[in-house]
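J.: starting from these lines, generate the structure:
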Amino acid sequence: MSEIKLLTNEELDSICEKLIAASNRQGMTMISISSSWNSELSWARNYPSMTSDRRDVVVFVARNIKKGGGSALTNQIDDISLQNVMRVAENSAKNGGFPQMPDDHSFAVPRVGSDGPATTWSDETINRSVEESSRLVHSATLKAKERALMSSGYLENRAFNVLAYATDGFGRVNPDMTGYGEMTQLQCSVTVRDPQGSASGWAGKSSYNLADVNELAIAERALDKAIRSMNAVKVEPGRYTVVLEPQATADLIDQFLMDEKSIGRRYAEDRRYDSPMWFMTDEGLPRERSKLGTTIMDSRVTISHRVQDPELGVIPVAGVRDVMIVEKGVLRELYTDRSLVLNESNLNRPNMMRRSYRMEGGNSTTEEMIASTKRGFLVTRFSTPHLVDRRSLLSSGVTRDGLWLIEDGRITKSVRNFRFTESPLFALNNLEEIGQAERIFHPFHLPMLAGLAPHNALSQVIVPSIKVRDFSFTSTIDAI
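T.: Just a heads-up that it's a prediction; the model follows:
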């Protein structure tokens, strides 16, 4: 590494030892210390608009003393500041600042586990300098200038290093809640438009590994889409066959996979919520029950989250296991938090809400899907998708940055954008073809939690392109 961007494990250990020495050793203790590096570069209208190169440290202390709990946070690591943050957490606990915290530490952000290595680190990512990124951006915007188009985008490199430390109520170290974690993250998003505001193209990707994100290729793809989207024609809305590129696939299915109230067991069993994963009582079904074990989508579809998936790049989290959400169309699991599992089985093995997942089920290419389509549309991505009705998962949003008409197996025209009103479950039950899963652009920012839980700061999603019949477009829109 050409320069030191993160604290070393030894430095994290030293801070933790100082905090422990400053404590009164009573009750439970949880400490999280993380250092982070962030490099950003954004540009608009072919010119750089912002650069940054930042370092930060976050020290989080939680204490559980008798019947009270308390916590404190600081970004200062000198001896006096470390002593003060421990005092604040302990005084808060003694004064009954919060209810007593459970023994499994589920009151806090899930901690980094030490249950095996995961592929989350890339030396190339953290070694990328702002100067190198600037040269890439210059090359990308130069091509847009040559075509009299405007390029805008965002390029970000990040790295985290975190130490988690926890004790039980007797001051003994809890090995399940203690360990190190590290992660690198990279994301790039590029939009190219014409000066008249009549054409737009977009491309993006995110990963922990620099080798997976070719910024120049992303910029060229956005430029190509912008050129091909010129002279868009108006087509009447209706139900059409659509080929959704992987980005559009994720934009659609995120409506329930990223919504705990839609696919969480606690919400499914709470009758105040109309969960789509729960059968309602009727004359033919006198007892309420979940849809676990029933087919809810096309039998080729599998959606999962594996901590050790080498492509997802997810830091292992203590006590949280792998999950198979949908297996060959069958709903296998609903999200379940720690407290629910502890109450039922006294085991700290929850299936918690994830921001990373893999969807797979086919090996067709987007080109093959287009070639087999008599009449339909190719969709780059969806913008502002949102739930309209939770019970049916009916969602609405608009197509953006590239929509094309397919006729007799080939793309013939650029088309003005549509508003869609459709349920992702309906779409996933009307699949004609499924492509090969690939990485997409899927950022998930939690500014406050990023230092405490870097595994949540960026969520890698790997999904395929899909071909869907009878997809509902309800109106045309003017936006590009």
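J.: give me the number of residues near Lys205?
T.: The number of residues packed around Lys205, counting by other CB atoms under 10 Å, is 23. Quick note: C-beta positions are derived from backbone N, CA and C, even for glycine.
J.: Arg375 now?
T.: So Arg375, with other CB under 10 Å, has 12 neighbours.
J.: hang on, isn't it packed against Gly238?
T.: No: counting by CB atoms under 8 Å, Arg375 does not reach Gly238; the two are 10.9 Å apart.
J.: tell me which stretches of the stretch 151-300 of the chain form helices.
T.: 215-228, 246-257, 260-263, 265-269 (DSSP state H, counting those that start in this stretch).
J.: again but with the stretch 301-450 of the chain, I slipped
T.: Using DSSP H, counting those that start in this stretch, helices in the stretch 301-450 of the chain cover 338-345, 366-371, 424-428.
J.: can you give me the offset of the second one from its chain's centre?
T.: Think helix 366-371. Relative to the centre of its chain, helix 366-371 is centred 28 Å away, using CA atoms, centre = their mean, to the nearest Å.
J.: now do that helix, average pLDDT.
T.: In this model, helix 366-371 has a mean pLDDT of 97.
J.: for that helix, packing partners?
T.: Using 3 or more CB pairs under 8 Å, 6 or more residues apart in numbering; DSSP states H and E, the elements in contact with helix 366-371 are strand 238-244, strand 410-414, strand 431-434.
J.: do the same with the last one
T.: Taking 3+ CB pairs under 8 Å, 6+ apart as contact, the helices and strands that helix 424-428 lies on are helix 246-257, strand 466-476.
J.: pLDDT weak spots in the stretch 151-300 of the chain?
T.: Scanning the stretch 151-300 of the chain for pLDDT under 70 picks out 176, 266-273, 280-288.
J.: format the helices and strands packed on helix 366-371 as JSON lines; extra columns: distance to Val330 and mean neighbour count.
T.: Listed next are the helices and strands packed on helix 366-371 as JSON lines, based on distance: least, CB to CB, whole Å; neighbours: other CB atoms under 10 Å:
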{"stretch": "strand 238-244", "distance to Val330": "23", "mean neighbour count": "21"}
{"stretch": "strand 410-414", "distance to Val330": "35", "mean neighbour count": "14"}
{"stretch": "strand 431-434", "distance to Val330": "15", "mean neighbour count": "20"}
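J.: picking up where we left off before, just name the most buried of the helices and strands packed on helix 424-428.
T.: helix 246-257 (a mean of 24; mean count of other CB atoms under 10 Å).
J.: what angle separates that one from strand 238-244?
T.: Angle of helix 246-257 versus strand 238-244, following axes from the mean of the first three to the mean of the last three CA atoms, to 10 degrees, is 110 degrees.
J.: what lies in contact with helix 246-257?
T.: 204, 244, 262-263, 276, 303, 325, 357, 359, 379-383, 385-387, 393, 395, 397, 399, 422, 424-425, 427-428, 435, 437-438, 440-442, 461, 463-466 (CB atoms under 8 Å, 6 or more residues apart in numbering).
J.: from the chain's centroid, how far away is it?
T.: 11 Å.
J.: quick check: angle from that helix to strand 466-476?
T.: 80 degrees.
J.: hang on, the earlier thing: need the helices and strands packed on helix 424-428 in CSV with distance to Asp79, can you?
T.: Listed next are those as CSV, based on distance: least, CB to CB, whole Å:
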stretch, distance to Asp79
helix 246-257, 45
strand 466-476, 57
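J.: out of these, which is closest to Ile370?
T.: strand 466-476 (8.8 Å; CB to CB).
J.: got a list of contacts for the closest one?
T.: 234-244, 249, 364, 369, 372-373, 377, 396, 416-422, 427, 430-435.
J.: average pLDDT across that strand?
T.: 97.
J.: what about Arg135, distance to Ser275?
T.: 51 Å (CB to CB, to the nearest Å).
J.: what about the two, which has more around it?
T.: Counted by other CB under 10 Å, Arg135 and Ser275 do not tie: Ser275 has more neighbours, with 23 against 11.
J.: the more buried one against Ser262, yeah?
T.: Yes: taking contacts as CB under 8 Å, Ser275 lies within contact range of Ser262: 6.9 Å.
J.: shaky segments in the stretch 301-450 of the chain?
T.: Ranges of the stretch 301-450 of the chain meeting pLDDT under 70: 313-320, 338-354, 444-450.
J.: appreciated, that's everything.
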